[in-house]
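> no FASTA, just this:
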């Protein structure tokens, strides 16, 4: 069985195919250009630097290029890096394809669609159900393919839908415990809160931010989409702007990207559910490559903390 790149340890040699997730050009202290590469396989990703890079290297080693790499794993500031000794683009006759290197959700998209559809059936408010169903149908194809982010959490193929499925299950458990919660608002909020990412992000592989993503962001995009959907469906009333508020406030605070803090109960709970699922995904990914009795690498999005993995 081929070892995944995140399971190599410092001091080990690597001789394998990897996919370039991203490439940025920088200048070293000696004034010479180099390429900073993020390389990945299904297990995860690792950073590598191609020193003394030429213009040809810059053209040759772009995102979504499969490369054959020979190198060594070294630890740098608590993180593994790949020191490249040899690198070349893979050729077509080597039988490797992008799908071989891309991590995807642990559930099939059909199974996730079935779960989400069932939650939509449970929405009793006709206006909320119609808006939710309309928008999910409008963006169904990218919704079930796109990641939930470019990094940090659910940054894999179908990660967006998987994030929503996990959040819906959490929402149901919490609503069972606290029956005063309005399930229609909570479930619809979960389904819609990140749907704007299908416009904010470029796609499921080598994901970057689009112009709209950089200039508007997924929250603003989704507020506009809810308004357009309501207008096209002929829906007016409080449900529309409350759904907009739930999306608007789901990051919780202005410094975290929310123009408004949660001001209704379901918006507050949605914020916590979103946070729990994102952080659990980050922790699971970091601890997966951590040995029992050791600390994980630092997780930037969690206050740059390292987490201990108990031996038992």
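Nice, thanks for sending it over. Predicted model, so just to flag it, every value in this text is computed and none were measured. Residues are numbered from 1 along each chain as shown.

> Pull the number of nearby residues for the nearest residue to residue 213 once chain neighbours are set aside.
Leaving aside its chain neighbours, residue 213 sits nearest to residue 200 (3.5 Å; criterion: CB to CB, 6 or more residues apart in numbering). C-beta here means a position set from N, CA and C on the backbone, and glycine is covered the same way. The tally of other residues near residue 200 (other CB atoms under 10 Å) stands at 25.

> For this structure, give the helix that spans the most residues.
Using DSSP state H to define each element, the chain has its longest helix at helix 265-288.

> What residues sit buried inside that helix?
266-271, 273-274, 277-278, 281-283, 285-287 (16 or more other CB atoms under 10 Å).

> Over to stretch 217-233?
Buried residues in stretch 217-233 (16+ other CB under 10 Å): 217-223, 225-226, 229-230.

> can you give me the offset of it from its chain's centre?
Its chain's C-alpha centre and that of stretch 217-233 lie 22 Å apart, by CA atoms, centre = their mean, to the nearest Å.

> How is this structure partitioned into domains?
3-98, 107-283 (the TED database).

> Please identify the most buried of those domains.
For those, ranked by mean neighbour count under the definition mean count of other CB atoms under 10 Å, the leader is domain 107-283 at a mean of 18.

> Pick out the shakiest of the domains of the chain, pLDDT-wise.
The weakest mean pLDDT among these belongs to domain 3-98, with a mean of 92.

> Quick one: distance of that domain to the chain centre.
On CA atoms, centre = their mean, the centre of domain 3-98 falls 21 Å from that of its chain.

> how long is that domain from one end to the other?
Domain 3-98 has an end-to-end distance of 17 Å (criterion: CA to CA, to the nearest Å).

> Which members of the buried residues of stretch 217-233 are the farthest-apart pair?
The largest separation in those, counting by CB to CB, is between 217 and 230 at 20.5 Å.

> could you redo the domains of the chain as CSV and give each row distance to residue 305?
As requested, the domains of the chain are arranged in CSV below (distance: least, CB to CB, whole Å):
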stretch, distance to residue 305
domain 3-98, 12
domain 107-283, 10
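
> To residue 308, which of the ones you listed lies closest?
Nearest to residue 308, of the domains of the chain and by CB to CB, is domain 107-283 at 11.3 Å.

> so how far is the closest one off the chain centroid?
13 Å.

> Look at that domain and report the distance between its end residues.
19 Å.

> what helix or strand is residue 88 on?
strand 79-89 (DSSP states H and E).

> That strand pairs with which strands, and in what direction?
Under the criterion DSSP bridges, strand 79-89 sits next to strand 44-50 (parallel), strand 66-76 (antiparallel) in its sheet.

> So for residue 181, which of those strands sits nearest?
So among these, strand 44-50 is nearest, using CB to CB, at 36.0 Å.

> Give the other helices and strands that the next helix or strand after the closest one contacts.
Next in sequence after strand 44-50, counting helices and strands by DSSP H and E, comes helix 55-60. Packing partners of helix 55-60 (3 or more CB pairs under 8 Å, 6 or more residues apart in numbering; DSSP states H and E): strand 33-41.

> ok, residues contacting the strand it packs on?
In this structure, residues lying in contact with strand 33-41 by CB atoms under 8 Å, 6 or more residues apart in numbering are 4-5, 16-28, 45-53, 57-58, 61, 67, 69, 82, 100-103.

> ranges for the helices of the stretch 151-300 of the chain?
159-177, 183-192, 197-200, 211-215, 217-233, 238-248, 265-288 (DSSP state H, counting those that start in this stretch).

> could you say what helices and strands the shortest one packs with?
Packed against helix 197-200 by the contact rule (3+ CB pairs under 8 Å, 6+ apart) you find helix 211-215, helix 217-233.

> Looking at those helices, spot the one closest to residue 169.
helix 217-233 (21.8 Å).

> Now do that closest one: everything it contacts.
130-131, 134-135, 138, 192-197, 199-200, 212-213, 235-236, 240, 243-244, 247-248, 250-251, 257-259.

> still on that earlier bit, kindly indicate which of the buried residues of stretch 217-233 lies nearest residue 107.
Among the buried residues of stretch 217-233, and counting by CB to CB, the member closest to residue 107 is residue 218, at 22.3 Å.

> Residue 251 versus the closest one, what's the distance?
Distance, residue 218 to residue 251, by CB to CB, to the nearest Å: 10 Å.

> ok, now residue 228?
The spacing between residue 228 and residue 251, counted by CB to CB, is 22 Å.

> what's next to the longest strand along the chain, contact-wise?
Counting by DSSP state E, the longest strand found in the chain is strand 13-27. By CB under 8 Å, 6+ apart, the surrounding residues in contact with strand 13-27 are 2, 5, 8, 33-41, 45, 53, 58, 61-73, 82, 90, 94, 96, 98, 100-102, 206, 208.

> Parallel or antiparallel, which strands does it pair with?
Assessed with DSSP bridges, strand 13-27 is paired to strand 33-41 (antiparallel), strand 66-76 (antiparallel).
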